[in-house]
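# any chance you could fold what I've pasted below:
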Amino acid sequence: MSTADRSAKHTELCGATADRIEVRGRDLVGDLIGRLSFTEMFLFHLLGRSPTPLQVAITDAVLVAIMEHGLVPSAIAARLTLLGAPESFQGAVAAGLLGVGDHFAGTASRCAEVLDRIVAAQPGERRELALSTVQSYRRQRKPLPGFGHPTHRSGDPRVPRLIEIAKAHGAPGHYIEALGLLESAITETLGRALPANVSCAIAVALREAEIPTEAMRGVVLTARCAGLAGHLLEEMRSGSAEEMWHAAERAVPYQPPK
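Predicted coordinates for the structure are as follows:
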């Protein structure tokens, strides 16, 4: 492509002709199918280059870690949508994915933004920056993203495992250190510990692997899409959504306005 052509709008991700599909300059059939795992292909497509072993190991672990967490709102939404529209598997998946956001499952990118600022600071300034960050959130009465969990109140078991995997595969450790600084700052500010949750661990692990902050929700959504497929297959075989619907009616009964 000439310099003039390069100035025009274009995509460098993928293109197809009658007899060839090309992804990032490589032949899908000859170079990629059967040669790359799904995680390797996902990262190659995302980053535009062959992923490192660290990137593959960490992304693979993150995809497994966030794929499933029981009957959370996204899974309930997917199951109830399938109950109402059993012909629309894709609609049910989409409904579930719409429930991944800043309150449930989707906060890794916000965690990474906080961690990025700490890591970008001079080493001697990082502790103070972590402390001022925690205090700023507290003054604004806003929750610090990535800390606390409604189920795992004494500690999210996924956190140490993801950190362990990152260390085992040679992560540099800058984001792991930043996490420790935030944990210490929280304890100093609150007078008690508030454990990190899986979203924070995902942010730490993916940034250690140099996965862009703005791509993190895409990683989480990819994992949750796989989890929702399992929920929906179970729903088709032994449905529970109708009982969920009636349980909601029992839990939130109608009362005429006064």
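# next, count neighbours for residue 114.
Look at residue 114: counted by other Cβ atoms under 10 Å, it has 22 neighbours. In this view, the C-beta of every residue, glycine as well, is placed from N, C-alpha and C.
# got a pLDDT number for it?
In the predicted model, residue 114 carries a pLDDT score of 97.
# before we move on, what about residue 106?
At residue 106, the model reports a pLDDT of 75.
# ok, it - contacts?
By Cβ atoms under 8 Å, 6 or more residues apart in numbering, the residues touching residue 106 are 100, 199, 217, 220-221.
# one more time with 10 Å, if that's ok
Counting by Cβ atoms under 10 Å, 6 or more residues apart in numbering, residue 106 touches 66, 74, 97, 99-100, 199, 216-217, 220-221, 224.
# ok, residue 175 - contacts?
By Cβ under 10 Å, 6+ apart, residue 175 lies in contact with 111-112, 115-116, 118-119, 163, 166, 200, 203-209.
# an error on my part: the question was meant for residue 65.
Counting by Cβ under 10 Å, 6+ apart, residue 65 makes contact with 156-159, 161-162, 165, 198, 201-202, 205, 220, 223.
# contacting residues around stretch 18-31?
Outside of stretch 18-31, the residues within contact range by Cβ under 10 Å, 6+ apart are 12-16, 32-33, 35-36, 41, 44-50.
# surely residue 211 meets residue 39?
No - taking contact to mean Cβ atoms under 10 Å, the distance of 11.6 Å between residue 211 and residue 39 leaves them out of contact.
# what about the two, which has more around it?
residue 211 (25 against 20).
# give me the most central residue, this structure.
Centre of the chain computed as the mean C-alpha position; nearest residue by Cα atoms, centre = their mean is residue 220, 2.8 Å away.
# may I ask which helix or strand encompasses it?
Secondary structure assigned from DSSP states H and E places residue 220 in helix 216-237.
# tell me the mean pLDDT over that helix?
What helix 216-237 shows for mean pLDDT is 97.
# and it, what does it pack onto?
Packing contacts for helix 216-237, counted by 3 or more Cβ pairs under 10 Å, 6 or more residues apart in numbering; DSSP states H and E, involve helix 38-47, helix 53-66, helix 73-84, helix 89-97, helix 108-120, helix 198-208, helix 241-251.
# deepest-packed of those helices, please.
By mean neighbour count, with neighbours taken as mean count of other Cβ atoms under 10 Å, helix 198-208 ranks first of the helices and strands packed on helix 216-237 at a mean of 29.
# how far off centre is that one?
9 Å (Cα atoms, centre = their mean, to the nearest Å).
# could you check the angle helix 216-237 makes with that helix?
Here the directions of helix 198-208 and helix 216-237 differ by 130 degrees (axes from the mean of the first three to the mean of the last three Cα atoms, to 10 degrees).
# who are the packing partners of helix 198-208?
helix 53-66, helix 108-120, helix 158-168, helix 174-190, helix 216-237.
# of all these, which lies closest to residue 88?
Each of the helices and strands packed on helix 198-208 was checked against residue 88 via Cβ to Cβ, and the shortest separation belongs to helix 216-237, namely 10.3 Å.
# buried sites along the closest one?
Applying a neighbour-count criterion of 16 or more other Cβ atoms under 10 Å, one finds 216-217, 219-229, 231-232, 235 buried in helix 216-237.
# render the CA-only coordinates of that helix in PDB, please.
Taking Å, rounded to 0.1, in the frame of the first residue of the first chain, the C-alpha atoms of helix 216-237 are listed here in PDB:
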ATOM      1  CA  MET A 216      -9.300  -5.200  29.600                       C
ATOM      2  CA  ARG A 217     -13.100  -5.200  29.500                       C
ATOM      3  CA  GLY A 218     -12.800  -7.000  26.100                       C
ATOM      4  CA  VAL A 219     -10.800  -9.700  27.800                       C
ATOM      5  CA  VAL A 220     -13.400 -10.000  30.600                       C
ATOM      6  CA  LEU A 221     -16.300 -10.000  28.100                       C
ATOM      7  CA  THR A 222     -14.700 -12.800  26.100                       C
ATOM      8  CA  ALA A 223     -14.500 -14.900  29.200                       C
ATOM      9  CA  ARG A 224     -18.000 -14.200  30.300                       C
ATOM     10  CA  CYS A 225     -19.400 -15.000  26.900                       C
ATOM     11  CA  ALA A 226     -18.000 -18.500  27.200                       C
ATOM     12  CA  GLY A 227     -19.500 -18.800  30.700                       C
ATOM     13  CA  LEU A 228     -22.900 -17.700  29.500                       C
ATOM     14  CA  ALA A 229     -22.800 -20.300  26.800                       C
ATOM     15  CA  GLY A 230     -22.600 -22.900  29.500                       C
ATOM     16  CA  HIS A 231     -25.500 -21.300  31.500                       C
ATOM     17  CA  LEU A 232     -27.700 -21.200  28.400                       C
ATOM     18  CA  LEU A 233     -27.000 -24.800  27.400                       C
ATOM     19  CA  GLU A 234     -28.000 -25.900  31.000                       C
ATOM     20  CA  GLU A 235     -31.000 -23.700  30.800                       C
ATOM     21  CA  MET A 236     -32.200 -25.300  27.600                       C
ATOM     22  CA  ARG A 237     -31.700 -28.800  29.100                       C
END
